[in-house]
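> I'll drop the sequence and a predicted model, then ask my questions.
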Amino acid sequence: MPDQAKPKVTQAEAEAAVRTLIEWAGDDPDREGLLDTPARVVRAYREIFAGYGTDPRQYLERTFEEVGGYDELVVLTDIRVVSFCEHHMLPFLGRAHVGYLPRNRVVGISKLARVVQGFGRRLQIQEKLTAEIAEAIQDILQPKGVGVVIQSEHSCMTMRGVNTPGSALTTSTLLGEVRDDARTRQEFLDFVRTR
Ligand SMILES: [Zn+2]
């Protein structure tokens, strides 16, 4: 979270920083094709890092108690993950599978996707993203259990460094009965594995 006491960096300062990087790379920031690039990059970063301006947990606050006795797993699979690694500021892209075992109430399914997107639009590592999503659902919805699995490809590995395109990192956070009850755990992992 941004430190409120620190002076806010202005748009002009952010654009100047991008200009510096262009020059440092060896190009001329004053040539025609690059003239508007600092402004575009800053606008793109504003969107990419929109998660700092929101609290994704608020998406989970509106719940529905009329579930007709439904007490089995609810699993939303293949939620697009777009995030940026905090070590290289390069994107990692992939899919999240999010499930929970309701305790008398459910949340609108689109909200699960919004939570993934909200936490994704920040600098972090995938391990932390996975845990944050699971813990937010556990804290607010208070289900009997939660499972979150994320698989993604990290640009910092695939386009530089060890250069291993196609390799994917899988992380998971399982809480409550999804972790401790063998049948529920297996059921959740089966939903995820068939993807
Ligand atoms: Zn990285």
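Received, thanks. Numbers count the residues shown, from 1 in each chain.

> Any idea which residue is closest to the centre of this structure?
In the chain, the centroid-proximal residue (CA atoms, centre = their mean) is residue 120; its distance is 2.3 Å.

> All the strands of the protein, residue numbers only.
Ranges of strands within the chain are 63-64, 74-85, 91-101, 106-107, 123-124, 145-154, 169-176, based on DSSP state E.

> lowest-confidence stretch among those strands?
If you rank those by mean pLDDT, strand 63-64 sits at the bottom with a mean of 88.

> Give me the sheet partners of that one and which way each runs.
Its sheet considered, strand 63-64 pairs with strand 106-107 (antiparallel) by DSSP bridges.

> so how far is the partner strand off the chain centroid?
Distance of strand 106-107 from its chain centroid, counting by CA atoms, centre = their mean, to the nearest Å, is 20 Å.

> Please apply the same query to stretch 158-175.
Centre to centre, stretch against its chain (CA atoms, centre = their mean), the figure for stretch 158-175 is 14 Å.

> hmm, who's touching that stretch?
Applying CB atoms under 8 Å, 6 or more residues apart in numbering, the contact partners of stretch 158-175 are 88, 90, 92, 94, 126-127, 129-131, 133-135, 138, 145-154, 157, 185, 188. From N, CA and C alone the C-beta is placed, and that goes for glycine too.

> just stretch 117-126 next, same as before
Residues contacting stretch 117-126 (CB under 8 Å, 6+ apart): 47-52, 54-56, 59, 79-87, 89, 92, 129, 132-133, 136, 150, 152, 154, 169, 171.

> one step back: any chance of the strands of the chain in TSV with mean neighbour count and distance to residue 161 as columns?
Below are the strands of the chain laid out as TSV (neighbours: other CB atoms under 10 Å; distance: least, CB to CB, whole Å):
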stretch	mean neighbour count	distance to residue 161
strand 63-64	13	43
strand 74-85	18	11
strand 91-101	23	13
strand 106-107	20	38
strand 123-124	17	18
strand 145-154	24	9
strand 169-176	18	13
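
> Those strands: which one's closest to the ion?
strand 74-85 (3.3 Å; CB to the ion).

> hmm, the closest one in reach of the ion?
Yes: counting by CB under 5 Å from the ion, the ion is contacted by strand 74-85 at residue 85.
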